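Peer 1: next one to model:
(chains A, B, C and D)
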There are 2 protein chains.
Amino acid sequence: MSTRLDTVAEIIDNLRRVFQVVNAQSKKAEHETGLTGPQLWAIKTIAQEAPIMVSEIARRMYLHPATVVGILDRLEKQGLVKRIRSTEDRRVVRVELSERGQALVKKSPEVAQGLLVAGLERLSTNKLNSIARALDQMAEILGAQNIPPQLILSPEVNKPYRTVAGAVRAKSAGRRRPTKTKP
Amino acid sequence: MSTRLDTVAEIIDNLRRVFQVVNAQSKKAEHETGLTGPQLWAIKTIAQEAPIMVSEIARRMYLHPATVVGILDRLEKQGLVKRIRSTEDRRVVRVELSERGQALVKKSPEVAQGLLVAGLERLSTNKLNSIARALDQMAEILGAQNIPPQLILSPEVNKPYRTVAGAVRAKSAGRRRPTKTKP
DNA sequence: CTAAAATAGTTTGCATACAAACTTTATTAG
DNA sequence: CTAATAAAGTTTGTATGCAAACTATTTTAG
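Peer 2: As a prediction, this is how the structure comes out:
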């Protein structure tokens, strides 16, 4: 029948492979710096925008705030970041790097994408562009279909703790995780 | 400097977005069937090849055996799969679906990729092909550089518990996880 | 044939990741 | 101004995911 379907399957397959490898590579490579991929990514995000709100970190990393809290806990325990409760709006917590954190961010390699980045940089401009266009398109597909584009790209997100996926939900309206123990 | 670097950054960025969305979508969509993405994927893998060894499931899902054990534990607790210790080679465990599992697999939707697949199928053949080529290339970059291609594509994998990432290691030779606190 | 090595699966410990519920603080409605 | 909402962050519970260590079984080497 349709080679088109096969092509789609191939794309999904390769996407999975890329997922796996980047993931594993990230896990490994960053472990060598003493930090995990997400931790390093968080550190870099903070370095760029400090002092930065927790929710802003979550937004920039496309993560749930609860996840960011965990990552910050561990970074703080290692003395790499500081949390500062805002006096203006006491709900807000501003995060910044400690000196150790700053030092670390300076000497931390480009990690995470390492392999892929290096490989991509080796390609011809033409191939590079076509890959960029392809991924653009995939992002667009995922963003334009069921998901409000802002959910991924723009600042006014993360309001109801619904995450990117929350939007996809909509049609399901099913109760999730009915609470194990106590009220 | 080079717009090339920007292009690479854009690719990485979009890749992350795709990761996130597919991940989230998978998490949600499959939750609607009562099972998580990995669980559903495992069930389908088992359905295709039952009775199947645990290590074979791991290989097909590109996961670590330990991860598969966890998934199987939960599926078994729900009465969807059965584990049968082989009498020939008593190290081996063969996994198959229970009747409930088989029933479930029949009515479970094509899940997991849903959104992306649907979006891709809507594209012109040309665009589809160029996306396929792009991902091919990325997979190749990741596979051809530091990783033996078989590690991802061929059957004779997963022998030493090295996983996809293990191969990347090789050149690093560093101790991993030296038990918590370190210099 | 027995000691050593290899395999299959599991267990343990930790780091993500998210949803739901909760706390504290600010905003808004009436 | 007070009651109701909303917002920011956190806590709790569960599910992935991996590495290292471990158990039980084969295989292999000497």
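Peer 1: residue boundaries of the strands in chain A?
Peer 2: Counting by DSSP state E, chain A has strands at residues A:52-53, A:81-85, A:93-97.
Peer 1: which residues sit against the last one?
Peer 2: The contact list for strand A:93-97 (Cβ atoms under 8 Å, 6 or more residues apart in numbering or on different chains) reads A:43, A:46-47, A:50-54, A:57, A:72, A:80-86, A:105. C-beta: built from backbone N, CA, C; applies to glycine.
Peer 1: can it be found next to DNA strand D?
Peer 2: Yes. Applying Cβ under 7 Å from any atom of the strand, one finds strand A:93-97 touching DNA strand D at A:93, A:94.
Peer 1: strands paired with that strand, and their directions?
Peer 2: strand A:52-53 (antiparallel), strand A:81-85 (antiparallel) (DSSP bridges).
Peer 1: does the shortest one reach DNA strand D?
Peer 2: It refers to strand A:52-53. Yes. Against DNA strand D, strand A:52-53 shows contacts by Cβ under 7 Å from any atom of the strand at residue A:53.
Peer 1: report how many residues lie close to residue A:89.
Peer 2: Residue A:89 has 9 neighbours, counted by other Cβ atoms under 10 Å in any protein chain shown.
Peer 1: can you pull out the helices in chain A?
Peer 2: Ranges of helices in chain A, per DSSP state H, are A:3-32, A:37-49, A:54-61, A:65-77, A:99-107, A:114-121, A:125-144, A:150-153, A:163-169.
Peer 1: and the fourth one, what does it pack against?
Peer 2: It stands for helix A:65-77. helix A:37-49, helix A:54-61, strand A:81-85 (3 or more Cβ pairs under 8 Å, 6 or more residues apart in numbering or on different chains; DSSP states H and E).
Peer 1: so which of those gets nearest DNA strand C?
Peer 2: For the helices and strands packed on helix A:65-77, the distance to DNA strand C is smallest for helix A:37-49, at 3.7 Å, taking Cβ to the nearest atom of the strand.
Peer 1: JSON lines please, covering the helices and strands packed on helix A:65-77 and showing distance to residue B:8, mean pLDDT and mean neighbour count.
Peer 2: Below are the helices and strands packed on helix A:65-77 laid out as JSON lines (distance: least, Cβ to Cβ, whole Å; pLDDT from 0 to 100; neighbours: other Cβ atoms under 10 Å in any protein chain shown):
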{"stretch": "helix A:37-49", "distance to residue B:8": "16", "mean pLDDT": "88", "mean neighbour count": "20"}
{"stretch": "helix A:54-61", "distance to residue B:8": "19", "mean pLDDT": "89", "mean neighbour count": "19"}
{"stretch": "strand A:81-85", "distance to residue B:8": "28", "mean pLDDT": "96", "mean neighbour count": "15"}
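Peer 1: adding distance to residue A:99, write those out as TSV.
Peer 2: TSV is the format used below for the helices and strands packed on helix A:65-77 (distance: least, Cβ to Cβ, whole Å):
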stretch	distance to residue A:99
helix A:37-49	12
helix A:54-61	20
strand A:81-85	10
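Peer 1: DNA strand D: which of the ones you listed is closest?
Peer 2: Per Cβ to the nearest atom of the strand, nearest to DNA strand D of the helices and strands packed on helix A:65-77: helix A:54-61, 3.1 Å.
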